[in-house]
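Visitor: model the structure of this input:
(chains A and B)
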Number of protein chains: 2
Amino acid sequence: MDRRTASIQDQAKRRKIYVSDNERPEIRVPFTEVVIGDSHSRSGPVPNPPLRLYDTSGPGSKPRNGLPALRRQWILRRGDVEEYEGRPVMERDNGRAAPARGGDAARATTDRPAQACSPLRALRSPSGKAVVTQRHYARLGVITEEMRFAALREGVDPQVVLEELAAGRAILPANVNHPESEPMIIGKRFLVKVNANIGNSSVTSSIADEVDKLVWATRWGADTVMDLSTGRAIHTTREWIIRNSPVPIGTVPLYQALEKVDGRPEELSWELYRDTLIEQAEQGVDYITVHAGVLLRYVPLTAERLTGIVSRGGSIMAAWCLAHHRENFLYTNFDELCEISAAYDMSLSLGDGLRPGSVADANDGAQFSELRTLGELTERAWDHDVQVMIEGPGHVPLHKIPENVALQQELCHEAPFYTLGPLTIDVAPGYDHLTSAIGAAVIAMHGTAMLCYVTPKEHLGLPGRDDVKQGMVAYKIAAHAADLAKGHPGAQAWDDALSKARFEFRWEDQFNLAMDPETARAFHDETLPATPAKTAHFCSMCGPKFCAMRISQDVREYASSRKIPVASAMSQGMKEKSEEFREHGSTLYVEPGA
Amino acid sequence: MDRRTASIQDQAKRRKIYVSDNERPEIRVPFTEVVIGDSHSRSGPVPNPPLRLYDTSGPGSKPRNGLPALRRQWILRRGDVEEYEGRPVMERDNGRAAPARGGDAARATTDRPAQACSPLRALRSPSGKAVVTQRHYARLGVITEEMRFAALREGVDPQVVLEELAAGRAILPANVNHPESEPMIIGKRFLVKVNANIGNSSVTSSIADEVDKLVWATRWGADTVMDLSTGRAIHTTREWIIRNSPVPIGTVPLYQALEKVDGRPEELSWELYRDTLIEQAEQGVDYITVHAGVLLRYVPLTAERLTGIVSRGGSIMAAWCLAHHRENFLYTNFDELCEISAAYDMSLSLGDGLRPGSVADANDGAQFSELRTLGELTERAWDHDVQVMIEGPGHVPLHKIPENVALQQELCHEAPFYTLGPLTIDVAPGYDHLTSAIGAAVIAMHGTAMLCYVTPKEHLGLPGRDDVKQGMVAYKIAAHAADLAKGHPGAQAWDDALSKARFEFRWEDQFNLAMDPETARAFHDETLPATPAKTAHFCSMCGPKFCAMRISQDVREYASSRKIPVASAMSQGMKEKSEEFREHGSTLYVEPGA
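Guide: I've put the predicted structure just below:
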């Protein structure tokens, strides 16, 4: 069997399936199903059930067509939205550099994927409110299709989803203008989620690159993707990303607003920001980072830090506050911001603009002062029925991690925590996916609901395709480590299936069950490339004649075939058994291919 | 400046230095010194002191010559050893396959590096004891050269080293027949150490490969190296490794013993093992894994496990116990084993033969029963003044890690803990350096003294050169994360120096201070290859015109140049300052190369 055949076999054994909701068969939830080979006992083969894994990769698309609008009918059926013309796309939406590039920029503005249509927004109710958030429905006791979908995906009752949303302990990011998304939920009672950051910068990369990174990130399990573009064609890039994304898309509208004023923070204004907010809400952005907690009085608290302010949004707002000697306009206009968000169900991710940029600055006065304000803003957003999560650090040494979660949960009334790593050390640039996966696993075990991945390029450059994969895998590992530690129902079944396959030398099953089947297979082939090695009852560590796992299988068969009560094993004529074992001695050694 | 020039500059800024003991100038301890560039303030350049990093790479050697015998005079001056002829090297010492290969094996047996000379062992004292262990000296209150060396390396008083050794809370592995080693100490009050496993197998690799891996592992910070060879030329491979190793070498003598009986566990005997023990003690093995805790009555406790017995040594002893229906010969002959070890100062690493091989089996009855026996053996070894550490798992989910350390410390009377990972999940073959670095950081924070690395090839194949590097870097990260969390004096200075360089855009300093300078530099070059980028006051994440770090530097300069008392910053005419800030606005943007 050559590599190609193996890969085809691999696909047959790992396939996408859809599971329907019993009560609502049109709700079909995707899973990756892994077909597992039989175990072999002395009495013959024993079948192993297939395993279902959470699947974020979406139905697949040609980028120009976009994805099918899965949720559109659900949204329209609720009868609480209106289709309207929407804000016209302006040249400056594509970034400050756009006018200078003439034809290019014009083309970029009009060159949209086919799906784009008029935006939706909430109808104003008789009480004067325009709200279509999942929190709103949850508080009314309405289980939406989105909630059912997420519940089936998580393996929990829809009522649990509703309760967590209503209490604010979870969010279900689902802008009415991003009907292509497959609903998912972020909260500490659910599987730990991972966000991947993509986006171009003023220095490098293209739209096609970014759409490719989106697809690639969801292929590796990204639960949400943030488009942090700051460069050319910023509006158009986002349009392509959203139309092709099966996962919720997050942004930092402040970045685009800054592009519109040619990168000068002091020229920002609430009006310009508000316009950008509507622009993005109409495109379908599912959640936005808002640095509304960077208050003027907190800025000087960073002056004696080793690494000052390292959040881009935080430093933009700090610069604005200092330049104008006025309070942060995101804070002073927070209620209007919430009203706009509520009308599209754009969730808020309250940014930690004063997060520490080094272990030296972790858990300091600036960081925790801002966190206290984020707690206040959480309640204000909830008053508008807007869904909220809270962003967290950053760089935090291991022993200071639990305090971050405890304080966030307390000050922000159990709103979901969404942390960047944290990096546990500062001295390994080039390996920050790893320095931070350590912190991510620990902070998630303590209750963080979503982790923002870090790639190996952190602090050094922009992530390429392989960096996205390395970051994703590191963070899926961290998330799964936390799921196991939290005792998430079903999490350990995956480990047990793989460990059983490993113990029984079912190499193909081990590869198919692996988080990254291709890498596992390739690494095995490096040492033992021949096909028989994949069915052989040994591995390359011990070689064909002696094998630790093989021996312990014999120990087990030996003990269980005689039904030795474990506690009294010693007392039951072990002598006789030892002789039998010696006779079986030769079965310990299995030659390759035999 | 091309890559080669950069690399030369790099070498000049990162160099090996030796620091002498004040009282004993002949004790010279190696460090890597990083020369750091000036900070720049408005009043001119401000020098930064150089930073000294722990250095394990040794003085360097041509393999055929071996390393200088640093400790030989220290050992001889103590007047308590004798030189003797030693055990003759036999053909079977090179493994069961040796006779079959004729000429090859004969050559391998005699082809030893130049340094090899007659072995040393303890003289028998009038009281009948033959003991030359560092524990023995510590308990007599004698500070040896080895203790001074280790103390200077750790930045602590030699008395601390003596006390920890005397109490059994630390070990200083230093076989009198491995005088080439640079003394180091393993204990929870000291820096967390990392062991790298190397060694050939019956399937693959050569002597030259293994010596190369040894040098490579110490280049990346391996504090000790275990030679786990099971294949051809096993004695000769070890000879080359020890003669060229600046770090203590550990082995599992049982592996070689098994080779001598052609891989048949039931043919093992204490006599054969004892002979192998002396063979390895005379070569200079510094510590040995002994699976003396795998008692006959514990073996059936593994029968209902998901993954039975996964330790190679554990399964060998389990097979022997079952085949003979007798108690583990390592347990029944433990006192003689200690006497031999004491005569060479070969430290014991009590193996966890019943460690879990999957998260499902973590912290079970088999594992903790054996741990209790290891506690008993610890006290027996201490009675012989033998140095002891305890090996730990394996596979353990995050929430079960603290219990492992707490129980080990309690049952084994605070003897140092030496753990393999643990892997926190089972489902990511190909990434187990990462799944286990998470567990390693956490277990080390809780008190593990030394971590045994895991490479990306774990469970899949034998590690090659790059796997050794990836495993080492992952584990140095885990160890440093724990050092920071434990508040080890001096640990954070490294992070602070790098973070300061990062904040001040001193790219070259950032690379030189990195755990892996080459990778950090290469990653930066991928996005911004031109030389000016390395002196530019921006990075590729934000681009040249807006930069988060640049802004917060301005915030800091702004605040500090006016000596704003942090708490009252708000009340002091911020208006006036805001105008000044606006005037300085243009200094926010620094063009590349400017």
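Visitor: drop to CA atoms for contacts and neighbour counts, all remaining ones
Guide: Noted.
Visitor: now do the contacts for residue A:425.
Guide: The contact partners of residue A:425, by C-alpha atoms under 8 Å, 6 or more residues apart in numbering or on different chains, come to A:358-359, A:395-397, A:435, B:477, B:480-481, B:484, B:495.
Visitor: of these, which pair is most distant in space?
Guide: For the contacts of residue A:425, the maximum inter-member distance is 15.2 Å, found between A:358 and B:477 (C-alpha to C-alpha).
Visitor: re earlier: counting neighbours, which of the contacts of residue A:425 comes out on top?
Guide: Neighbour counts for these (other C-alpha atoms under 10 Å in any protein chain shown) peak at residue B:481, which has 33 neighbours.
Visitor: contact partners of the host helix or strand of that residue?
Guide: Under the criterion of DSSP states H and E, residue B:481 resides in helix B:465-485. With contact meaning C-alpha under 8 Å, 6+ apart, helix B:465-485 is reached by A:397-400, A:424-425, A:428, A:434-435, A:438, B:191-194, B:196, B:213, B:216-217, B:220-222, B:433-434, B:437-438, B:440-442, B:444-445, B:451, B:453-457, B:491-492, B:515-516.
Visitor: pull the helix or strand with minimum mean pLDDT from chain A.
Guide: helix A:103-110 (a mean of 42; mean pLDDT, DSSP states H and E).
Visitor: how about the residue most central in space within chain A, phi and psi?
Guide: A centroid search over chain A (C-alpha atoms, centre = their mean) returns residue A:194, at 2.1 Å, as the residue closest to the centre. Main-chain torsions, residue A:194, degrees, to the nearest 10: phi -130, psi 130.
Visitor: same deal with residue A:53?
Guide: Dihedral angles for residue A:53 - degrees, to the nearest 10 - are phi -110, psi 140.
Visitor: one step back: buried ones among the contacts of helix B:465-485?
Guide: A:397-399, A:424-425, A:428, A:434-435, A:438, B:191-194, B:196, B:213, B:216-217, B:220-222, B:433-434, B:437-438, B:440-442, B:444-445, B:451, B:453-457, B:491-492, B:515-516 (16 or more other C-alpha atoms under 10 Å in any protein chain shown).
Visitor: where do the strands sit along the stretch 351-500 of chain A?
Guide: A:388-392, A:417-420, A:450-452 (DSSP state E, counting those that start in this stretch).
Visitor: check the offset of the shortest one from the chain's centre.
Guide: Using C-alpha atoms, centre = their mean, to the nearest Å, the mean C-alpha position of strand A:450-452 is found 6 Å from that of the whole chain.
Visitor: that strand - what's its average pLDDT?
Guide: What strand A:450-452 shows for mean pLDDT is 98.
Visitor: sheet partners, orientation included, of that strand?
Guide: Here strand A:450-452 is paired, per DSSP bridges, with strand A:193-198 (parallel), strand A:417-420 (parallel).
Visitor: now the ones you listed in a markdown table, with mean pLDDT?
Guide: Below are the strands paired with strand A:450-452 laid out as a markdown table (pLDDT from 0 to 100):
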| stretch | mean pLDDT |
| --- | --- |
| strand A:193-198 | 96 |
| strand A:417-420 | 98 |
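Visitor: will you turn those strands into JSON lines that also has distance to residue B:311?
Guide: Formatted as JSON lines, those follow (distance: least, C-alpha to C-alpha, whole Å):
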{"stretch": "strand A:193-198", "distance to residue B:311": "34"}
{"stretch": "strand A:417-420", "distance to residue B:311": "37"}
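Visitor: ok, for the residue nearest to the centre of chain A, nearest residue in space, not its chain neighbours?
Guide: Excluding its sequence neighbours, the residue lying closest to residue A:194 (C-alpha to C-alpha, 6 or more residues apart in numbering or on different chains) is residue A:451, at 4.8 Å.
Visitor: if I look at that neighbour, how far off is chain B?
Guide: For residue A:451, the distance to chain B equals 15 Å [C-alpha to the nearest C-alpha, to the nearest Å].
Visitor: again, but for residue A:31
Guide: Taken as C-alpha to the nearest C-alpha, the span from residue A:31 to chain B is 17 Å.
Visitor: contacts only, for that residue.
Guide: Applying C-alpha under 8 Å, 6+ apart, the residues near residue A:31 are A:16-19, A:52-55, A:153.
Visitor: among these, who's most crowded?
Guide: Of all the contacts of residue A:31, residue A:153 has the most neighbours under the rule other C-alpha under 10 Å, reaching 22 neighbours.
Visitor: what residues does the stretch 201-350 of chain A put near chain B?
Guide: A:201-203, A:230, A:263, A:266, A:296-297, A:299-304, A:306-316, A:318-319, A:322-325 (C-alpha under 8 Å from any C-alpha of the partner chain).
Visitor: how about the stretch 51-200 of chain A: which residue is closest to chain B?
Guide: Relative to chain B, the nearest point of the stretch 51-200 of chain A is residue A:200 (9.3 Å; C-alpha to the nearest C-alpha).
Visitor: assess the claim that that residue and residue A:230 are in contact.
Guide: Yes: counting by C-alpha atoms under 8 Å, residue A:200 touches residue A:230, with 6.2 Å between them.
Visitor: more neighbours, those two?
Guide: Higher neighbour count among residue A:200 and residue A:230: residue A:230, with 27 against 24, using other C-alpha under 10 Å.
Visitor: does the more buried one sit in a helix, a strand or a coil?
Guide: Per DSSP: H, G, I helix; E, B strand; the rest coil, the secondary structure class of residue A:230 is coil.
Visitor: look up how far residue B:143 lies from it.
Guide: Applying C-alpha to C-alpha, to the nearest Å, the value for residue A:230 to residue B:143 is 62 Å.
Visitor: residue A:325 now?
Guide: Residue A:325 is 64 Å from residue B:143, by C-alpha to C-alpha.
Visitor: higher neighbour count, these two?
Guide: Legend: neighbour count by other C-alpha under 10 Å for residue A:325 and residue B:143, higher for residue A:325 (20 against 17).
Visitor: spit out the contact partners of the residue of the stretch 51-200 of chain A closest to chain B.
Guide: Applying C-alpha under 8 Å, 6+ apart, we find residue A:200 in contact with A:206-207, A:210, A:228-232.
Visitor: can you select the buried ones from these in ChimeraX?
Guide: Buried members of the contacts of residue A:200, defined by 16+ other C-alpha under 10 Å, are picked up in ChimeraX with:
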select /A:207,210,228,229,230,231,232
